[in-house]
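Participant: Please work out how this folds:
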Amino acid sequence: MAVWLASGIMAASTRSMKCALGRAMSPSLVVILGATGTGKSKLAIEIGKRLRGEIISADSMQVYQGLDIITNKVTSEERAQCRHHMIGFVDPLVSNYTVVDFRNKAVLLIDDMHHQDKLPIVVGGTNYYIESLLWRVLVDAEREDSGDGEDGNADRKLELEKLGGAELHKRLMEVDPKMAAMLHPNDKRKIARSLQIHQETGVPHSSWLEEQRGQQGGDGLGGPLRYPDPCIFWLHADMDALDKRLDTRVDEMLSGGLIDELGDFHVRFNRRNVQNDSQNYQHGIFQSIGFKEFHDYLTAPENSTQQEIDALRSKGVDALKIATRRYARKQNKWVRNRFLKRPGDSVPAVYGLDVTDVARWEETVLNPALQILDSLCKGEVPSVPPIRLEGAELRNKRSQHTCDLCDKVIIGDLEWTAHLKSKKHHFHVRKKRKSDGTSENGGRCSASPPASDAETRTNPSESLQDTNAAH
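Facilitator: I've put the predicted structure just below:
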């Protein structure tokens, strides 16, 4: 049985390669999603070797030079097996590299691969980087050009972020009340981005989003797909098994020289910032998971004892493992919410591949992926159906609610419902009822006016409103 299956996969791979070379290309590109540690790069390389593919990294930290271990860049040996793009080409001191910069470069690479009859394989990575390629959900590059270049645009956004959240939200309410109603007053980066778009184009950010939804092929979810018929793989695993794998990977990073890498990078690029109290772990490569977790260790006083230094090192290791596991859950949540639960015809099919048992990787990951690609290439329906989760709800994720009792602003209907059920809210309700006998809900809990039908849906532009974020 195993021999038959292997020969069948090899034949399928050969047929797919012939199809790719013949350029009746379907899919137009492959996208490999999954939490950190699920083996996305491994699958990408195997597909690329078989199907004349080239790999585009969609990771916002891997675009920077340096910190190769902590950002988990592919090795030189892996790059030799299949050509990689968008890795290690931005100076680590650059803090204003944006998703727009990434999209513009990656789109040119994909177009060039199509002209050469090669299969683009996007590996991510960073959520909004991937969405910027799949959908037309960003303000066009030429619309962002205000004459002072990309550096000036990014610097202007950074200046806005220095203002308080209340002041920023007030300014946005004056020029774009629709967008202001969808953003939390404390969400300074997204508010600053919306203000920046209005300053540079003279058009409210909400109007750009509405225009994209109205484009041919677009709908209430956002702009149309950039490329027809993409094939999307989601590598998923049992979380307990993945947690153990991630902890082991951190240990392997430590054995591979992680501490030396962090120390060298800190001396070269960050020590002066710490001395001047100007370090910023919110922009550029400095926000990489792992670097800021070792801040106390890297900045330990020179007169620290070895015991104190060892304790700070252990603290950093524990923090890195916790942050990595948390990030893996965040990535999986994004796939579920942005692909599997979202209604609409513009959502591409997602094929799930179980990577829980690494000993069965070829059986559960590589072979099914090749079979799916072979079927799509021949215009057939894959025998493996795509994943679609039940219970995809049409809900307003950007409605704004105010609870005077708790002095909180809540964005989103589900979040609002959860707040009303929370212990903290009920505590304030009981306190208010004792004081003046108000209704059971207590106080004045208000919500923003109902949004339009288009706005009540989840749209792919939501996670891209902060297009100048670096992670």
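
Participant: mind listing the strands for the stretch 151-300 of the chain?
Facilitator: Applying DSSP state E, counting those that start in this stretch to the stretch 151-300 of the chain gives strands spanning 231-236.

Participant: which residues of it score low on pLDDT?
Facilitator: Under the criterion pLDDT under 70, the flagged ranges of the stretch 151-300 of the chain are 151-162, 209, 211-222.

Participant: what about the helices in it?
Facilitator: Listed in chain order, the helices of the stretch 151-300 of the chain (DSSP state H, counting those that start in this stretch) span 165-175, 177-182, 188-201, 205-213, 239-255, 258-265, 271-275, 295-298.

Participant: Mind checking those helices for the one nearest to C82?
Facilitator: For C82, the closest of the helices of the stretch 151-300 of the chain is helix 239-255, at 21.5 Å, according to Cβ to Cβ. All C-beta atoms are positioned from the backbone trio N, CA, C, and that covers glycine.

Participant: roughly how far out does the closest one sit from the chain middle?
Facilitator: A distance of 21 Å separates the centroid of the chain from that of helix 239-255, by Cα atoms, centre = their mean, to the nearest Å.

Participant: Closest to the centroid, which residue in this structure?
Facilitator: N127 (1.8 Å; Cα atoms, centre = their mean).

Participant: Let me know the pLDDT of that one.
Facilitator: Taken from the predicted model, the pLDDT recorded for N127 is 88.

Participant: can I assume it is in contact with Q331?
Facilitator: Yes: distance between N127 and Q331: 7.4 Å, which falls inside the contact criterion (Cβ atoms under 8 Å).

Participant: now F233: how far from T248?
Facilitator: Counting by Cβ to Cβ, to the nearest Å, the gap between F233 and T248 amounts to 23 Å.

Participant: out of these two, which sits in the more crowded spot?
Facilitator: Here F233 and T248 are compared on neighbour count by other Cβ atoms under 10 Å; more neighbours surround F233, at 25 against 12.

Participant: So what pairs up with the closest residue to the more buried one other than its chain neighbours in the strands?
Facilitator: Once flanking residues are discounted, F233 sits nearest to I32: 5.0 Å by Cβ to Cβ, 6 or more residues apart in numbering. The residues listed as beta-bridge partners of I32 by DSSP bridges are V123, F233.

Participant: I32 is in contact with I130, isn't it?
Facilitator: No: counting by Cβ under 8 Å, I32 does not reach I130; the two are 9.7 Å apart.

Participant: Return every residue with contacts to both of those two.
Facilitator: Contact with both I32 and I130 is made by residues V122, G124, according to Cβ atoms under 8 Å, 6 or more residues apart in numbering.

Participant: quick one: low-confidence parts of the stretch 301-450 of the chain?
Facilitator: Flagging of the stretch 301-450 of the chain using pLDDT under 70 yields the residue ranges 343-346, 389-399, 411-414, 437-450.

Participant: can you do 90?
Facilitator: Confidence mapping of the stretch 301-450 of the chain against pLDDT under 90 gives the ranges 337-348, 388-450.

Participant: Strands of that one, start to end?
Facilitator: 350-354, 400-403, 408-411, 445-447.

Participant: I'd like the ones you listed written out as CSV, with distance to A180 and mean neighbour count added.
Facilitator: Formatted as CSV, these follow (distance: least, Cβ to Cβ, whole Å; neighbours: other Cβ atoms under 10 Å):
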stretch, distance to A180, mean neighbour count
strand 350-354, 33, 20
strand 400-403, 9, 20
strand 408-411, 11, 18
strand 445-447, 15, 14
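
Participant: Quick check: which of these is nearest to D176?
Facilitator: For these, distance to D176 was read as Cβ to Cβ. The smallest value, 13.8 Å, belongs to strand 400-403.

Participant: and that closest one, how far out from the chain's middle?
Facilitator: Mean C-alpha position of strand 400-403 versus that of the full chain (Cα atoms, centre = their mean) differs by 27 Å.
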